[in-house]
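Asker: kindly generate the corresponding structure for this input.
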Amino acid sequence: VMVGPPFADRCRCRCRCLISLAVALLLVPDSAGVDAFHPHPCRQRRGRSSPTAVAAIDLPFDEMLSSTLSVSSSTSSALMRYVAPTMSSFFTYFALAAAYDRPQGKLALDDGILVARQSQVPGAGLGLYTTEPIPEGTALGTYPGVVREANAYLKKCGEYPQCGSYAWRFTDNAYYVDPTDAAGNIGMLSFGGSAAVPGSMWIHENLLGGLAVPTLLARINEPPIGGPGCNVLSREDLDSRTVTFYASVPIPANTELFMDYGLTYDRTAYGG
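Answerer: Here you go, the predicted model:
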């Protein structure tokens, strides 16, 4: 009696059945309406089999696998009809938030040449100091923050008055550069975002943190009464909505930077 070949054929058949069952269980969701392999064979009552399962096992392996993948492909296509538009909307929103609410501004000097320390101006908090000599006419960088329309910024300033101490108002009064966060406070970095756009602040702080810019140039104070004069001047570009700072005189190392805030700046909070 030749036992080898029939036994090997039975093993191959059983392996194919087990593989097809595994593939079906992994790829076919319950909602697809394909219950050929449910309930699990181990949960069948002893001595009884599912006719559907028996019919499925009798199918050739290639046909069974092809049928399973076809059902899975149909389900995936139906799912993608809902997922694709959602993902497209998300990425469009993400791109618009990154483009319109991103912060601008950068330092023109190497890291460490400008540092924030306690200002000489009483009650002014931090000021900006040099660690190396800076020649006259040297560009220090551009003012940091998000360019906001005047109405949007003034609304924010009404809710968080402290942000008015740091924003730069352009001379045409149409836009401001705002380096503060959603609550009107200033940190070492300006992350960008707009509180008026749902999710914008979170996207910039958590997903677009690499776009954040240092806020050092927003730390330049006006000189105290009777103190040293200004050593920084500014130049606006209304077309690009940027403000560039320059050294107006040769600045020694370990010197605090000062600039004139202009005739229209509100100085009612100044002491003395």
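
Asker: how about low-confidence regions in this structure?
Answerer: 1-76, 78-80, 264, 266-272 (pLDDT under 70).

Asker: go again with 50.
Answerer: 1-9, 11-12, 14-57, 272 (pLDDT under 50).

Asker: quick one: the helices in it?
Answerer: 4-27, 51-58, 61-100, 150-159, 200-202 (DSSP state H).

Asker: so residue 255 makes contact with residue 129?
Answerer: Yes - under the criterion of C-beta atoms under 8 Å, residue 255 makes contact with residue 129 at 6.6 Å. Heads up, the C-betas are built off the backbone N, CA and C, glycines and all.

Asker: which of the two has more neighbours?
Answerer: Per other C-beta atoms under 10 Å, whichever of residue 255 and residue 129 has more neighbours is residue 129, with 21 against 16.

Asker: what is the neighbour count of residue 140?
Answerer: Neighbourhood size, residue 140 [other C-beta under 10 Å]: 24.

Asker: show me what contacts it?
Answerer: Taking C-beta atoms under 8 Å, 6 or more residues apart in numbering, we find residue 140 in contact with 107-109, 114, 134, 217, 232, 244-247, 257.

Asker: so which of those residues comes closest to residue 172?
Answerer: residue 244 (16.9 Å; C-beta to C-beta).

Asker: how much space between the closest one and residue 221?
Answerer: As for residue 244, its distance to residue 221 is 18 Å (criterion: C-beta to C-beta, to the nearest Å).

Asker: again, but for residue 130
Answerer: Residue 130 is 14 Å from residue 221, by C-beta to C-beta.

Asker: equivalent analysis for residue 201, please.
Answerer: For residue 201 relative to residue 221 (C-beta to C-beta), the value is 27 Å.

Asker: can you check residue 118 too?
Answerer: Distance, residue 118 to residue 221, by C-beta to C-beta: 11 Å.

Asker: okay, and the common contacts of the two?
Answerer: Jointly contacting residue 118 and residue 221 under the rule C-beta under 8 Å, 6+ apart are residue 127.

Asker: who has more neighbours, those two?
Answerer: When residue 118 and residue 221 are compared on other C-beta under 10 Å, the one with more neighbours turns out to be residue 221, at 19 against 11.

Asker: surely residue 161 touches residue 183?
Answerer: No - the pair residue 161 / residue 183 is not scored as a contact, 11.4 Å apart, by C-beta under 8 Å.

Asker: pretty sure residue 242 is touching residue 143, no?
Answerer: Yes - between residue 242 and residue 143 a contact is recorded at 7.3 Å, counting by C-beta under 8 Å.

Asker: the two: who's more crowded?
Answerer: Taking neighbours as other C-beta under 10 Å, residue 242 and residue 143 compare with residue 143 leading, 26 against 18.
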